[in-house]
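Student: Requesting a structural model of the entry that follows:
(one chain, ligands or ions: 2)
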Amino acid sequence: MIGAFVGIFEAQFSQCFWAHEEAALGLWTDCGSSLQVALLDMNKTEAESLMQTLTKQYGQERLLFLHCDVEQEEQVKAAFQKTMDTFGGIHILCNNAGILNESTWEKMISVNLVGVIRATYLVLEHMNKLKGGQGGVIVNTASLAGIGPLVSCPVYTASKHGVVGFTRAMSAASALSGYGVRVNCLCPGFVQTGLFSNIPARLGPFSHLKDGTQLLVEKFGIVNMSQVVEAFFELVTDETKDGAALLVFQQERKYMPAVSVTD
Ligand SMILES: NC(=O)C1=CN([C@@H]2O[C@H](COP(=O)(O)OP(=O)(O)OC[C@H]3O[C@@H](n4cnc5c(N)ncnc54)[C@H](O)[C@@H]3O)[C@@H](O)[C@H]2O)C=CC1
Ligand SMILES: CC/C=C\CC(=O)/C=C/C=C\C=C\C=C\[C@@H](O)[C@@H](O)C/C=C\CCC(=O)O
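Tutor: Residues are numbered from 1 along each chain as shown. Ligands and ions are numbered 1, 2, ... in the order given. Down below sits the predicted model:
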């Protein structure tokens with residue numbers, strides 16, 4: 001889990017994550033008897049409080065926090081190696097780290113898109129069956145903005161469209177190459193998290209379009225975090241899902257068919 005601490009995954013981590021343990025463990029033969037989780041994030045403050053809570057519930061031996069900035073290749077590489085050394089394998093990667101600020105758009109591309117690509121390529125060094133791995137599944141957190149444009153956030157939209165496109169292409173490349181690694185993406189609507197706070201201040205040169213964004217929030221409503229985590233586990237545990245984009249709305253979730261230029 002990268003960028004998992006606050007927001008979408010924190011609040012529901014306990015309830016949903018371990019509820020799917022048996023289904024997730026059943027996917028691979030070398031998983032052992034319990035789900036173990038490495039939480040990688042650059043926010044140490046948030047990490048410490050969550051780790052205390054989770055450690056009390058599930059024991060220290062099943063949890064690992066690693067400070068990691070997805071913009072830094074060596075930190076991601078070291079975090080995955082530490083995870084391998086601690087737990088003996090990596091079967092599920094969730095690329096969840098993301099930021100929203102149209103004023104720092106190059107950083108947004110670096111975290112939201114380049115960070116997903118970097119972590120995917122580095123985890124394949126451990127997951128890829130052609131490199132001695134056991135295979136696995138990667139779930140990239142995109143957004144509904146990865147499917148349709150958010151007018152007030154053109155670069156955030158670009159980063160999320162990039163995540164969807166990379167997911168679909170990487171899935172096909174993995175399947176055709178025999179890596180044994182499925183790659184899917186999660187496309188939630190609005191979720192009440194830190195990233196969703198103070199939206200006008202995050203729109204940079206497009207803050208004058210904040211009213212249109214508010215209308216979208218009213219139109220789409222707010223998705224519960226548990227709905228996002230349930231969708232995540234559907235993409236992890238359903239082995240038929242590969243190259244999938246799962247849209248999570250307030251009232252339902254549904255898959256977005258891939259578009260082909262020859263359709
Ligand atoms: N909140 C929302 O309405 C929606 C959020 N998303 C996506 O969900 C993902 C999670 O975001 P939220 O939980 O909403 O926001 P959040 O701000 O609450 O959590 C984001 C997490 O990513 C971490 N992070 C940020 N930059 C990082 C970096 N360079 N290296 C490592 N970790 C880093 C943060 O420390 C934080 O723990 C993001 O990719 C976001 O784009 C998608 C759709 C809707
Ligand atoms: C401002 C960003 C806040 C949080 C991050 C995030 O990723 C949230 C995304 C939530 C929803 C995005 C929806 C995008 C919709 C667009 O692609 C168009 O489909 C909307 C166009 C029209 C809708 C209004 C209408 O139909 O009248």
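
Student: which residues of this structure fall in strands?
Tutor: 37-41, 63-67, 92-95, 136-141, 181-188, 245-248, 253-255 (DSSP state E).

Student: Same question for the last one: list its buried residues.
Tutor: So the one you mean is strand 253-255. Across strand 253-255, burial judged by 16 or more other CB atoms under 10 Å covers residue 253. Every C-beta, even on glycine, is put in place using the N, C-alpha and C of the backbone.

Student: Show me what from the stretch 151-263 of the chain comes close to ligand 1.
Tutor: Proximity of the stretch 151-263 of the chain to ligand 1, by CB under 6 Å from any ligand atom, involves residues 188, 190-191, 193-196.

Student: Which among those residues count as buried?
Tutor: For these, a burial check counting by 16+ other CB under 10 Å picks out 188, 190-191, 193, 195.

Student: Would you check that residue 154 makes contact with residue 109?
Tutor: No - using CB atoms under 8 Å, residue 154 is not in contact with residue 109, being 11.4 Å away.

Student: So what's the residue count around residue 178?
Tutor: If you count neighbours by other CB atoms under 10 Å, residue 178 ends up with 11.

Student: Any figure for the gap between the closest residue to residue 221 other than its chain neighbours and ligand 2?
Tutor: Closest residue in space to residue 221, ignoring its immediate chain neighbours: residue 250 at 3.7 Å, by CB to CB, 6 or more residues apart in numbering. Using CB to the nearest ligand atom, to the nearest Å, residue 250 is found at 10 Å from ligand 2.

Student: Could you do residue 192 as well?
Tutor: For residue 192, the distance to ligand 2 equals 10 Å [CB to the nearest ligand atom].

Student: Contacts only, for that residue.
Tutor: 222, 225 (CB atoms under 8 Å, 6 or more residues apart in numbering).

Student: Need phi/psi at it.
Tutor: With angles defined as degrees, to the nearest 10, residue 192 shows backbone torsions of phi -70, psi 90.

Student: right, and the strands of the chain - which one's nearest ligand 2?
Tutor: strand 181-188 (7.0 Å; CB to the nearest ligand atom).

Student: So residue 247 sits against residue 253, correct?
Tutor: Yes - judged on CB under 8 Å, residue 247 makes contact with residue 253 at a distance of 6.3 Å.

Student: Check the stretch 51-200 of the chain for the residue nearest ligand 2 and tell me.
Tutor: For the stretch 51-200 of the chain, CB to the nearest ligand atom, closest residue to ligand 2: residue 148, 2.2 Å.

Student: Tell me who's in contact with residue 156.
Tutor: Residues in contact with residue 156 (CB under 8 Å, 6+ apart) are 100, 102, 108, 112, 143, 145, 150.

Student: Ligand 2 next: which of those residues are close?
Tutor: Of those, the ones that also sit near ligand 2 (CB under 6 Å from any ligand atom) are 100, 143, 145, 150.

Student: Is residue 164 in contact with residue 144, as I believe?
Tutor: No - taking contacts as CB under 8 Å, residue 164 lies outside contact range of residue 144: 10.4 Å.

Student: so what sits against both of these two?
Tutor: With CB under 8 Å, 6+ apart, residue 164 and residue 144 have common neighbours residue 187.

Student: count of neighbours near residue 82?
Tutor: 15.

Student: ok, for it, nearest residue in space, not its chain neighbours?
Tutor: Leaving aside its chain neighbours, residue 82 sits nearest to residue 66 (5.9 Å; criterion: CB to CB, 6+ apart).

Student: Also residue 69?
Tutor: residue 42 (4.5 Å).

Student: My read is that that neighbour contacts residue 76, right?
Tutor: No - taking CB under 8 Å as the definition, residue 42 is not a contact partner of residue 76, at 10.9 Å.

Student: who touches the nearest residue to residue 163 once chain neighbours are set aside in this structure?
Tutor: Nearest residue to residue 163 in three dimensions, chain neighbours excluded: residue 142, at 4.2 Å (CB to CB, 6+ apart). Going by CB under 8 Å, 6+ apart, residue 142 touches 160, 163-164, 167, 185-187, 245.
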